[in-house]
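1. Have a look; sequence and predicted model below, questions after that.
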Amino acid sequence: MDIANILILLLIGCASGLLAGFFGVGGGIVLIPVLLYYFQSIGVTSLVATHVTFGTSLLVILFSAFASSYQYYRHNQVVWRAVLIIGLASVVGAFGGSMLAGDLEGKTLQRIFAVLVAVAAFRLLVDSRKPRGDVEPKLEIPGLAGTGLAVGLASSLAGIGGGVLSIPIMYSLLHFPLKRAIGTSSATIVITALAAVIGYVVRGWGNPLLPGGTLGYVDFVHALPIIVGTVPSATLGAHLAEKTRSSVLKKGFGLLLLVVATKMLFL
């Protein structure tokens with residue numbers, strides 16, 4: 001990598017980390033379109049470019065989610081019982097999804113990503129209810145475990161941390177206040193992303209089409225400067241979210257998801 005590419009990746013990390021911390025989504029909704037374009041521009045074949053994009057995105061997400069979840073933890077916005085149950089269930093979904101992803105074409109993975117993001121965006125934008133105050137979320141095991149399975153599967157098939165799915169579910173169905181849903185999602189993503197990264201490494205191991213610097217479908221070399229940029233900016237994003245009204249967060253998150261979904265459909 002030359003200096004120009006390192007700086008580009010560093011800026012990508014800063015942007016994705018800021019949004020990851022602010023919205024509690026891991027940053028994959030920003031990383032996926034940009035990384036896919038980047039890998040294609042440096043000559044990675046289209047036969048594996050999407051898979052490498054998703055695997056590398058999940059590695060970066062692991063670090064950004066850890067940084068932002070710590071900030072939410074400091075403000076008492078993480079429900080640890082939910083993190084444990086959703087996280088463990090997501091491991092099953094994430095590992096299974098990453099195995100399945102290796103058998104799907106890149107375009108299919110992109111469409112799955114776009115559809116999931118669009119559904120989540122629509123759900124947030126049409127919800128006209130007032131933001132919840134200090135209500136008690138639903139913490140029954142079946143609901144949390146079901147959320148984890150869905151989030152893990154979506155995470156692996158779409159290359160995201162799962163926040164685009166878990167936050168709407170926790171907010172709409174499990175009655176989490178939005179900021180608590182975001183904080184809990186950030187902590188859960190650490191577990192989900194780790195399982196998905198391992199799955200992408202295993203599933204892509206030995207593929208002769210992969211470029212240098214990869215372990216399976218995860219490009220550690222290009223991930224490093226992104227991680228350097230994403231960790232401090234994720235912390236900043238989480239700090240800013242604490243000072244922002246929940247109604248603004250909800251609508252802003254919905255619009256962001258809609259834009260990204262539309263972009264991915266036409267890549």
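-> Yep, it's here.

2. Can you list the low-confidence ranges for the stretch 101-250 of the chain?
-> Applying pLDDT under 70 to the stretch 101-250 of the chain flags the ranges 101-102, 104, 106, 109-110, 113, 120, 124, 127-135, 158-161, 246.

3. repeat that for 90
-> 101-140, 148-183, 185-186, 189-196, 198-200, 202-203, 206, 211-213, 230-250 (pLDDT under 90).

4. Which residue ranges of it form strands?
-> In the stretch 101-250 of the chain, the strands defined using DSSP state E, counting those that start in this stretch lie at 214-215, 218-219.

5. Just put these in CSV and tack on distance to residue 173 and mean neighbour count.
-> Every residue, glycine included, has its C-beta placed from N, CA and C. Output for those, formatted as CSV (distance: least, C-beta to C-beta, whole Å; neighbours: other C-beta atoms under 10 Å):
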stretch, distance to residue 173, mean neighbour count
strand 214-215, 37, 20
strand 218-219, 32, 25
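
6. Show me what the helix or strand hosting residue 5 is packed up against.
-> Assigned by DSSP states H and E, residue 5 belongs to helix 3-23. Applying 3 or more C-beta pairs under 8 Å, 6 or more residues apart in numbering; DSSP states H and E, one finds that helix 3-23 contacts helix 28-41, helix 46-74, helix 178-204, helix 220-242, helix 246-265.

7. With respect to residue 85, which of those lies nearest?
-> Closest approach to residue 85 among the helices and strands packed on helix 3-23 (C-beta to C-beta): helix 178-204, 9.3 Å.

8. how deep is the residue lying closest to residue 209 once chain neighbours are set aside tucked in, by neighbour count?
-> Closest residue in space to residue 209, ignoring its immediate chain neighbours: residue 48 at 4.8 Å, by C-beta to C-beta, 6 or more residues apart in numbering. By other C-beta atoms under 10 Å, the residues close to residue 48 number 21.

9. Settle this for me: residue 48 is touching residue 208, isn't it.
-> No: in terms of C-beta atoms under 8 Å, residue 48 does not count as a neighbour of residue 208; the distance is 9.7 Å.
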